[in-house]
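**Student:** Here is my input; please provide its structure:
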Amino acid sequence: MALPGAVITANLANGIYLRLAYGALAVFVIGGAAYLASLGAPGFFARLPGPIAAAFSREDEGPEPRGAHVFRLMIGCIWILNAVLISRPAVVYHMAATVITPSLVGEPAAVAWLMRAGLYLWRFNPLATAAGLAWLEAAVGLLLVAGRRERVRRFGATLSIAVALAIWILQQGFGGLFLPGASFLSGAPGAGLVLAAAGAFLALRNQALAKQRSWSGLATGLGIFWILAAGLQAAPFEDLWTGKGLPVIFGTAQAASLPGPLSSPITFLLVHTTSQPTLWNLLLVVFTAFVGLGLILSAQRRAMAGASLVLSLLAWWFGTAFGFVGPAGTDLGTGVTLAAFSAVLLLARPAETGKSSGAAAHTLGVSFGLAALVVGIVPTLVALPAVIGAVPTYAAVADGGGLTLVNKPAPPFSLADASGKRFSLAGFRGKAVVLTFIDPVCYDTCVVMSKEIVNAVDSLGAQASKVEMVAIDINPSFTTPASVAQYDVEHWLTGVANWHFLTGPVATLDRVWGDYGVIPTNGVIGLPTHPQVIYFIDPSGRTVAVTPDSGGGAPQLMHSYSALIAATAKAALGG
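**Tutor:** Below you'll find the model as predicted:
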């Protein structure tokens, strides 16, 4: 018999797909009828409101500039992909509780009041709300992608402004601008606002888009954005100069459980911004302001557009973990649209982007660039030894109670991983073992513990190959190889070197649980409660230490636990 959670998920999936299918049929019927009517009765559409009449007009508007063509396609694809993301059953299920409700915390009363309107829609009828929003976003995207004619593009762009601003206010809470710690790295000022700006640019006529001043204005506008972003990054009230700023942003991104090669740079930034938050925030402020001023003043605007593209994509990666990972991923994020703005300036013809004609402006841009390099590189070289210093473990010790040192043989076990390959404790002789117990359907503390262990061992460098990470299934309701395989896939652990999630028959697991003192107790159906501990076993097979782990998701605490695990695993190796 299916568990209630599985039934709910299946019903949500069926409901959202059914409503999307109905929406597709309605779009086909209404759109086809409107097109046929426009062929036979163009005068009727001429009497409708301006944007609608313009969309169905057959007048020749002149050729679309290349830059506008490329930008239209990029923004249209973003809207279509956002529609796909918002229509996922997991998003529908988690939107109210995971996305909107947490965003209300700390918002001013007026902002919270507006956001509650969106919250009520999602709570009252989440399926209809998701399907309606998905089709609105898809309609905007399709109008832009198919809008070779100026009037179709402008109609889609005008619609995109309204939809984007509604999402920005009701769902994104003004992009978190009124919350402490707002930064372009965390997605401020919000994907909705940036998409609305893109819509405003695409709503211009072809005659305007063919003029150099429109593209110079776009470059200047993007430059002003980066200067404001630098100002926000530097503002004392945002608290980004302390350990409460950048480490929280990178810690949140790290918790998205990206694959190892994509997660490692985020882990690096989390480690070093925790140690030297002021230095790293200074570098961010200087480089962001440099890009902004370069776009406004430099004669090499295309080069500065390239720098803006790199900055946008790195912020999308490091700051928001690509924005769409997990059930809270309702759109691609701010970084993608900023990258589209930058890319179109980079790809546009020189006549479109324009150049600054003033020698003084060029000199000022070059001077600021040199100053930025000096201010950025010199402190980095001077402070590098301190930045790479040891990470404190006292937060983990205070949170969990610290290590208990023991010296006794570790209880043996012989279990299999998702592929059916068997592993035993005896088979790990000659290596240290970091052993814990994981619930394959857990979505919070167990995920945090897995990430802490993997990051800890990864930080050991050359010694990492001498440490095995072993997780044993502790949920008696989910003991199949498929259960542990699904956990590894969902949290990007498949293929992680030396990671083994093991399971077996309940009778065998029960004996192992008893030997290690981690008996699960009845909880919510399918989700038992169990002790959260980590065992450290030396290469000879003896348990040398045990530590509790709260599984708390605070970035600083996660990093502290990883440091504690790494130090203890290294000690178990005899290092």
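**Student:** I'd like the domain boundaries of this protein, if you could list them.
**Tutor:** 1-210, 241-384, 394-572 (automatic domain parsing).
**Student:** how about a markdown table for those domains, with distance to Leu228, mean neighbour count and mean pLDDT added?
**Tutor:** To be clear about C-beta, it is placed using only N, CA and C from the backbone, and glycine gets the same treatment. Shown next, in a markdown table, are the domains of the chain (distance: least, Cβ to Cβ, whole Å; neighbours: other Cβ atoms under 10 Å; pLDDT from 0 to 100):
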| stretch | distance to Leu228 | mean neighbour count | mean pLDDT |
| --- | --- | --- | --- |
| domain 1-210 | 8 | 18 | 74 |
| domain 241-384 | 8 | 20 | 74 |
| domain 394-572 | 26 | 18 | 87 |
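**Student:** Nearest to Leu222, out of those domains?
**Tutor:** With Cβ to Cβ as the measure, domain 241-384 is the member of the domains of the chain nearest Leu222 (5.3 Å).
**Student:** before we move on, back to that, can you redo the domains of the chain as TSV with distance to Gly223?
**Tutor:** Listed next are the domains of the chain as TSV, based on distance: least, Cβ to Cβ, whole Å:
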stretch	distance to Gly223
domain 1-210	13
domain 241-384	3
domain 394-572	32
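**Student:** Which one of those domains lies nearest to Phe225?
**Tutor:** Comparison of the domains of the chain against Phe225 by Cβ to Cβ identifies domain 241-384 as nearest, at 7.2 Å.
**Student:** Now do that closest one: distance to the chain's middle.
**Tutor:** Offset of domain 241-384 from its chain centre (Cα atoms, centre = their mean, to the nearest Å): 16 Å.
**Student:** Just to check, Ser214 is in contact with Ala203?
**Tutor:** No - counting by Cβ atoms under 8 Å, Ser214 stays clear of Ala203, with 11.8 Å between them.
**Student:** returning to that earlier point: nearest to Leu232, of the domains of the chain?
**Tutor:** Of all the domains of the chain, domain 1-210 sits nearest to Leu232, with 6.2 Å by Cβ to Cβ.
**Student:** For my notes, confirm Thr543 occurs in a strand.
**Tutor:** Yes - per DSSP: H, G, I helix; E, B strand; the rest coil, Thr543 lies within a strand segment.
**Student:** measure it to Ala572 for me?
**Tutor:** Applying Cβ to Cβ, to the nearest Å, the value for Thr543 to Ala572 is 9 Å.
**Student:** before we move on, which element is Leu143 in?
**Tutor:** Assessed by DSSP states H and E, Leu143 sits inside helix 126-145.
**Student:** Run the chain-centre distance for that helix.
**Tutor:** 21 Å.
**Student:** so what does it touch, helix or strand wise?
**Tutor:** For helix 126-145, the elements it packs on are helix 4-40, helix 66-86, helix 89-94, helix 109-124, helix 150-166, judged by 3 or more Cβ pairs under 8 Å, 6 or more residues apart in numbering; DSSP states H and E.
**Student:** what are the C-alpha coordinates of stretch 451-466, in PDB please?
**Tutor:** Output in PDB follows, covering the C-alpha atoms of stretch 451-466 (Å, rounded to 0.1, in the frame of the first residue of the first chain):
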ATOM      1  CA  LYS A 451      27.100  17.200   3.300                       C
ATOM      2  CA  GLU A 452      29.200  17.900   6.400                       C
ATOM      3  CA  ILE A 453      30.900  14.500   6.100                       C
ATOM      4  CA  VAL A 454      31.600  14.800   2.300                       C
ATOM      5  CA  ASN A 455      33.000  18.300   2.700                       C
ATOM      6  CA  ALA A 456      35.100  17.300   5.600                       C
ATOM      7  CA  VAL A 457      36.800  14.400   3.900                       C
ATOM      8  CA  ASP A 458      37.200  16.400   0.700                       C
ATOM      9  CA  SER A 459      39.100  19.000   2.700                       C
ATOM     10  CA  LEU A 460      41.700  16.500   3.600                       C
ATOM     11  CA  GLY A 461      43.400  16.700   0.200                       C
ATOM     12  CA  ALA A 462      45.800  13.800  -0.500                       C
ATOM     13  CA  GLN A 463      44.600  12.000   2.700                       C
ATOM     14  CA  ALA A 464      41.000  11.900   1.500                       C
ATOM     15  CA  SER A 465      41.600   8.700  -0.400                       C
ATOM     16  CA  LYS A 466      42.500   7.000   2.900                       C
END
